[in-house]
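In: Generate coordinates for the sequence data below:
(one chain, ligands or ions: 1)
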Amino acid sequence: MKPGDTITVCAESLSRHGDGVAQHEGREVHVAGLLPGETGEVKLDYVSRQRMRAHGTVIERRNAHPGRRQAPCRHHGRCNGCAVMDMDVASQRELKVAQLSKRHGFEVDRIVATDDDGLHYRWSVKRVFAGKPGALVLGSFMRGTHNVADMEGCLVDHPDIIAACDELLTVANDAGAAAYDELDESGDLRYAWFKTDGRGNVLVAIVTADPLATMAHGIAERLERPAGIAWGVHSGRGNDMRGVTIRPLRGRQTLAIELCGELVHIGPQGFLQPNPTTAALAYHDLVRVPAGGFPHGRVALDLYAGAGITTNLLRERFEVVVPCESYPESARALGIKAELVEEFLAPILADPHHPHRSPDLVIANPPRGGLGADVCNQLNALAAPRLHIMSCSPASLHEDLQHLTGDDGAYKLIAMRAFDTLPQTAHIELVAWLVGKG
Ligand SMILES: C[S@@+](CC[C@H](N)C(=O)[O-])C[C@H]1O[C@@H](n2cnc3c(N)ncnc32)[C@H](O)[C@@H]1O
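Out: Residues are numbered from 1 along each chain as shown. The predicted structure follows:
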């Protein structure tokens with residue numbers, strides 16, 4: 001097999017990027033544009049020498065998945081954001097559940113979703129500036145490239161965010177501002193990060209490459225839609241925006257967002273679930289047992305607490321709820337010191353008389369990479385009677401469960417539920433309920 005070859009394959013499953021995955025001559029072939037169950041002629045674009053993997057593009061499809069449809073978005077194909085948009089939403093959900101079982105051996109009791117069309121659900125959006133002065137666009141990097149796909153009028157964005165994006169572009173184009181170019185490291189406007197409270201209030205953080213000769217101030221003065229505007233400078237390489245220091249430019253710097261009846265205040269860089277409406281259903285279930293009742297007890301630990309929604313929910317039921325969060329802005333809002341979970345658990349485990357040594361419930365909602373072996377080992381040592389995990393990555397959850405429920409693990413898995421927080425994409429959010437083996 002070599003690049004340029006044409007092969008015929010049948011996709012058996014879906015990759016996490018939404019490509020069809022087929023087997024051919026002992027290799028995994030990832031095919032853009034082929035859905036599971038579809039067979040097609042595929043042109044190979046890349047064949048890895050190190051790994052038994054190849055990537056290709058479908059040239060001709062022999063059959064169509066019963067849920068296949070014309071993707072409703074005009075950017076589909078260039079923008080890689082909504083990888084399964086060429087399937088109706090019911091089929092997307094069916095496929096996600098089947099994938100969990102096939103790829104990870106996870107059996108969920110159900111998939112929870114809030115809507116049928118799966119559009120306009122995103123309350124938190126990061127965009128990259130690109131294009132020539134006067135004709136700037138806001139979009140996202142096309143997978144594996146430095147090219148930016150325009151996302152004007154993105155169908156999964158909340159309407160508040162679409163309007164704020166449009167206004168920012170109009171003002172930046174009128175001002176003749178230049179987009180930052182990653183390759184030659186020239187230009188000014190780099191990213192814009194939008195958040196909405198779903199009620200018309202938008203917070204926008206404009207990130208520029210240039211700390212001095214930036215147009216961010218002039219642009220901010222002319223924006224009328226955002227309730228608050230912040231500015232940060234990111235002159236280095238890479239796209240991680242969390243290290244960027246954000247300064248207020250104008251208006252309010254936090255949004256008050258109500259989730260599960262709890263009000264949380266989120267700043268320009270604080271963690272906000274992209275789809276808070278569906279995520280709220282996951283939080284609701286995370287603090288309960290699978291059948292819907294509340295676990296009993298006095299002490300609960302809330303690991304990776306973020307803005308503290310689950311902390312507040314747990315406080316309605318537990319006398320003592322101790323959150324842990326490493327991001328300074330979120331930790332400050334929680335009234336705790338910013339701390340890694342590893343550092344937080346170490347002194348608790350070291351002291352048998354520590355007041356939090358025997359929690360009745362531990363909640364963990366780690367980022368994409370999961371808990372990792374060290375935290376799993378600490379949780380095994382803690383041996384709580386209940387451990388509830390929320391995860392946005394089935395792959396990392398799978399690894400964590402090996403540590404937590406394997407021979408050396410202190411827990412057993414009793415149930416798992418899926419939440420379709422990101423319709424049109426291959427992503428899925430999971431809640432896993434574990435109880436102590438003891
Ligand atoms: C998936 S978010 C969940 C946040 C919150 N539970 C929610 O749903 O809004 C993960 C959170 O963990 C924090 N975090 C990441 N790594 C961490 C670590 N090693 N220790 C503590 N917090 C961490 C991040 O800052 C982020 O707020």
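
In: What is the burial count for the closest residue to residue 298 other than its chain neighbours?
Out: Distances taken as CB to CB, 6 or more residues apart in numbering put residue 319 closest to residue 298, at 4.8 Å, once the chain neighbours are dropped. (C-beta placed from N, C-alpha, C; glycine too.) Neighbour count of residue 319, defined by other CB atoms under 10 Å: 10.

In: Also residue 375?
Out: As a burial measure, residue 375 scores 22 neighbours (other CB under 10 Å).

In: what are the phi and psi angles of it?
Out: With angles defined as degrees, to the nearest 10, residue 375 sits at phi -70, psi -40.

In: swap in residue 149?
Out: Main-chain torsions, residue 149, degrees, to the nearest 10: phi -90, psi 130.

In: returning to what we had before: where does the residue nearest to residue 298 fall, phi/psi-wise?
Out: Backbone torsions of residue 319, given as degrees, to the nearest 10, read phi -70, psi -40.

In: Let me know whether it touches residue 355 as I believe.
Out: No: counting by CB atoms under 8 Å, residue 319 does not reach residue 355; the two are 11.1 Å apart.

In: shared neighbours, those two?
Out: Jointly contacting residue 319 and residue 355 under the rule CB atoms under 8 Å, 6 or more residues apart in numbering are residue 299.

In: and whichever residue of the chain sits closest to the ligand, how many residues sit next to it?
Out: Distances between the chain and the ligand by CB to the nearest ligand atom are smallest at residue 306, namely 2.4 Å. A count of neighbours around residue 306, defined by other CB under 10 Å, yields 23.

In: Do you know the pLDDT at it?
Out: On pLDDT, residue 306 comes in at 91.

In: Surely it and residue 365 touch.
Out: Yes: Residue 306 lies in contact with residue 365 (CB under 8 Å); the separation is 7.0 Å.

In: residues near the residue lying closest to residue 198 once chain neighbours are set aside, how many?
Out: In this structure, residue 198 finds its nearest non-sequential neighbour in residue 123, 5.9 Å apart by CB to CB, 6+ apart. Residues lying near residue 123 (other CB under 10 Å) number 25.

In: Let me know whether residue 123 touches residue 164 as I believe.
Out: No: if you go by CB under 8 Å, residue 123 and residue 164 don't touch, sitting 11.8 Å apart.

In: which neighbours do those two share?
Out: Shared contacts of residue 123 and residue 164, defined by CB under 8 Å, 6+ apart, comprise residue 196.

In: that older thread, ok so the residue of the chain closest to the ligand is a strand residue?
Out: No: Residue 306: not assigned to a strand; according to DSSP: H, G, I helix; E, B strand; the rest coil it is coil.

In: show me what contacts it?
Out: Residues near residue 306 by CB under 8 Å, 6+ apart: 270, 271, 325, 327, 330, 365.

In: Narrow those to those in helices?
Out: Among the contacts of residue 306, DSSP state H puts residue 330 in helices.

In: The ligand next: which of the contacts of residue 306 are close?
Out: Contacts with the ligand within those, counted by CB under 6 Å from any ligand atom: 271, 325, 327, 330, 365.

In: out of everything not next to it in sequence, what's closest to the third one?
Out: Across the structure, with CB to CB, 6+ apart as the measure, the residue nearest residue 327 apart from its sequence neighbours is residue 338 (6.5 Å).

In: So that neighbour is in contact with residue 326, correct?
Out: Yes: assessed by CB under 8 Å, residue 338 is found in contact with residue 326 at 5.4 Å.

In: burial of residue 37, as a residue count?
Out: Neighbour count of residue 37, defined by other CB under 10 Å: 17.

In: Need the pLDDT of it.
Out: Looking at residue 37, the pLDDT reads 93.

In: I'd guessed it sits against residue 65; true?
Out: Yes: contact between residue 37 and residue 65 holds when scored by CB under 8 Å: they sit 5.3 Å apart.

In: List the contacts of stretch 211-230.
Out: Residues outside stretch 211-230 that contact it (CB under 8 Å, 6+ apart): 163-164, 167-168, 171-172, 174-175, 177, 188-189, 201-206, 208, 231, 233, 235, 246-255, 268.

In: Show only the entries of those found in helices.
Out: The helices, defined by DSSP H, take in 163, 164, 167, 168, 171, 172, 174, 175 from the contacts of stretch 211-230.

In: Filter those down to the buried ones, PyMOL style.
Out: Buried subset of those, written as a PyMOL selection, criterion 16 or more other CB atoms under 10 Å:
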select buried, resi 163+164+167+168+171+172+175
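
In: now, among the ones in helices among the contacts of stretch 211-230, which is nearest to residue 419?
Out: Closest approach between the ones in helices among the contacts of stretch 211-230 and residue 419, by CB to CB: residue 164, at 26.5 Å.

In: Please give me every residue in contact with that closest one.
Out: Contacts of residue 164 (CB under 8 Å, 6+ apart): 194, 196, 202, 204, 225, 226.

In: Which single one of those is nearest to residue 438?
Out: Once CB to CB is applied, the member of those that ends up nearest residue 438 is residue 196, at 45.1 Å.

In: In the protein, where is pLDDT below threshold?
Out: Applying pLDDT under 70 to the chain picks out residues 239-243.

In: Alongside the ligand, which residues does it contribute?
Out: Contacts of the chain with the ligand, taken as CB under 6 Å from any ligand atom, map to 271, 273, 304-307, 309-310, 324-327, 330, 340-341, 365-367.

In: just the buried members of those residues?
Out: Applying 16+ other CB under 10 Å to those flags 271, 273, 304-307, 309-310, 324-327, 330, 341, 365-366 as buried.

In: Residue 158 is in contact with residue 276, correct?
Out: No: Residue 276 lies out of contact with residue 158 (CB under 8 Å); the separation is 9.8 Å.

In: So for these two, which residues contact both of them?
Out: By CB under 8 Å, 6+ apart, the residues touching both residue 276 and residue 158 are 123, 198.

In: Excluding covalently adjacent residues, which one is nearest to residue 284?
Out: Nearest to residue 284 is residue 260, by CB to CB, 6+ apart, at 5.7 Å.
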